[in-house]
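Chemist: Got a sequence here, can you model it:
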Amino acid sequence: MSEGAVISPRAAFADLRARMGEAIIGQERVIERLLVALLADGNVLVEGLPGVAKTRAVKALARNLEAAFRRIQFTPDLLPADVVGSDIYEAATGKFRFEPGPVFGSIVLVDEINRAPAKVQSALLEAMEERQVTVGGTTHALPPLFMVMATQNPIEQEGTYPLPEAQLDRFLMKVSVDYPPDADERAILRLVRGEEQARHGGGAAAPPPIPQQAVFDARAELSRLTVVEAIEDYIVALVCATRAPAALDRELGTWIEVGASPRATIALDRAARAHAWLAGQPQVTPDNVRAVAPDVLRHRLILSYEASAERVSADAAVERLLSLVAVA
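Modeler: Now for the predicted structure:
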């Protein structure tokens, strides 16, 4: 793509996907989910073991997009003002001036979000839901393109603060990142080795970033994508089934203690439309809904003690749910 060239939103996202694929090997599903979240104008929580390219994936998206990138490393001693900003008194003018915090970016990477206490995590709630922050009684709007991408490690519990359900519900999707396939390990080695050589030897110039307008144009096309009544009924049936799972299956009823909120219905619709748009489809199909359902629902279900005792995961509960709920 030459600088200044005008391209279609679909071509822009195909280009963005290809660029991210060159930087992240073996995580095609993660790339697709990040693009779905970007298209659906939602926030995403990325969970995975150390070293599986969680941060790298987010940085690859930001690097190839015309967007202000901000990174916040959450730690136990962080304060809310370190995230949203604070009012600073200027002696010369005798007035307070608002100094924006790092949350005032377009792509905001919150690394290890569960390392900070609840008061810091809650500082993100207003930003994630209403795209604004309030400091000292004054509300400050965030950029038109705003997206929080948070990471967390599922195996380290010492010194962590689990996210409350209210904050988890603000994430459009929770994406689980696993180890890449064995066949891709050698390609990863060569990729990193090539990056080291490029840093020491110059290398080719990076292509121009994809303009923000392409994202806004794609979202406009997404809003016009056809969703027939049968698909709407299917989405509603899936979410409502999480609230009364015993009506579908006795064992599922013992697994799910608390179901998903209406925010899950909205998220499932938006994510399914984004998934269909990325695939070039003129309308949403049940396959699109099923493809994104685990990412939309896994962090919104509260499992019972029985499920924990039987080592049943939220993904297993969603898989059972999808097998039981049929398209009308």
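
Chemist: was I right about residue 100 contacting residue 83?
Modeler: No: Residue 100 is beyond contact range of residue 83, at 10.5 Å (criterion: C-beta atoms under 8 Å). The way it works is simple: take the backbone N, C-alpha and C, and place the C-beta from them, glycine included.

Chemist: Quick check: pLDDT value at residue 29.
Modeler: According to the prediction, residue 29 has pLDDT 88.

Chemist: What's the first helix or strand after the host helix or strand of it?
Modeler: Of the helices and strands defined by DSSP states H and E, residue 29 is found in helix 28-39. Later in the chain than helix 28-39, the nearest helix or strand by DSSP H and E is strand 43-48.

Chemist: Quick one: the strands in this structure, in order.
Modeler: Along the chain, the segments classed as strands by DSSP state E run 43-48, 69-73, 85-90, 95-100, 107-111, 132-135, 138-141, 147-152, 171-177, 256-258, 302-303.

Chemist: Dump these to TSV, plus distance to residue 186 and mean pLDDT.
Modeler: Output for the strands of the chain, formatted as TSV (distance: least, C-beta to C-beta, whole Å; pLDDT from 0 to 100):
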stretch	distance to residue 186	mean pLDDT
strand 43-48	21	90
strand 69-73	30	91
strand 85-90	45	88
strand 95-100	44	88
strand 107-111	28	91
strand 132-135	45	88
strand 138-141	47	89
strand 147-152	26	90
strand 171-177	20	91
strand 256-258	42	91
strand 302-303	38	88
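
Chemist: How about the contacts made by the residue sitting nearest the centre point of the chain?
Modeler: Taking C-alpha atoms, centre = their mean, the centroid of the chain lies closest to residue 44, which sits 1.6 Å from it. Shown in contact with residue 44 (C-beta atoms under 8 Å, 6 or more residues apart in numbering): 33, 34, 37, 147, 148, 149, 150, 171, 172, 173, 174, 175.

Chemist: so what's residue 212 up against?
Modeler: Residue 212 is in contact with 65, 66, 67, 106, 144, 145, counting by C-beta under 8 Å, 6+ apart.

Chemist: What count of nearby residues applies to the last one?
Modeler: Pointing back at residue 145 there. Neighbours of residue 145 under the rule other C-beta atoms under 10 Å: 20.

Chemist: List phi and psi for residue 178.
Modeler: For residue 178, the backbone dihedrals (degrees, to the nearest 10) come out as phi -110, psi 180.

Chemist: Tell me how many other residues surround it.
Modeler: Residues near residue 178, counting by other C-beta under 10 Å, number 12.

Chemist: cool, residue 119 as well?
Modeler: When counting by other C-beta under 10 Å, one arrives at 11 neighbours for residue 119.

Chemist: Confirm for me that it is in contact with residue 80.
Modeler: Yes: using C-beta under 8 Å, residue 119 makes contact with residue 80 at a distance of 6.0 Å.

Chemist: what is the residue lying closest to residue 126 once chain neighbours are set aside paired to in the beta sheet?
Modeler: What sits nearest to residue 126 in space, not counting adjacent residues and going by C-beta to C-beta, 6 or more residues apart in numbering, is residue 133, at 5.8 Å. Residues in a beta bridge with residue 133, per DSSP bridges, are residue 140.

Chemist: mind listing what residue 133 touches?
Modeler: Going by C-beta under 8 Å, 6+ apart, residue 133 touches 84, 85, 101, 103, 123, 126, 127, 139, 140, 142.

Chemist: Residue 211 versus residue 220, what's the distance?
Modeler: From residue 220 across to residue 211, the span is 14 Å (C-beta to C-beta, to the nearest Å).

Chemist: measure residue 247 to residue 240 for me?
Modeler: Applying C-beta to C-beta to residue 247 and residue 240 gives a distance of 10 Å.

Chemist: So for these two, which residue has more residues nearby?
Modeler: Neighbour count, other C-beta under 10 Å: between residue 247 and residue 240, residue 240 has more, with 16 against 12.

Chemist: re the thing from before, neighbour-wise, which of residue 220 and residue 211 wins?
Modeler: More crowded of residue 220 and residue 211, by other C-beta under 10 Å: residue 211, with 18 against 10.

Chemist: and the residue nearest to the more buried one when sequence neighbours are not counted, what pLDDT?
Modeler: Leaving aside its sequence neighbours, residue 211 sits nearest to residue 66 (C-beta to C-beta, 6+ apart; 4.9 Å). Looking at residue 66, its pLDDT stands at 90.

Chemist: re earlier: check the spacing between the residue nearest to the centre of the chain and residue 213 real quick.
Modeler: For residue 44, the distance to residue 213 - C-beta to C-beta - is 22 Å.

Chemist: Ok, residue 188 next?
Modeler: As judged by C-beta to C-beta, residue 188 and residue 213 stand 33 Å apart.
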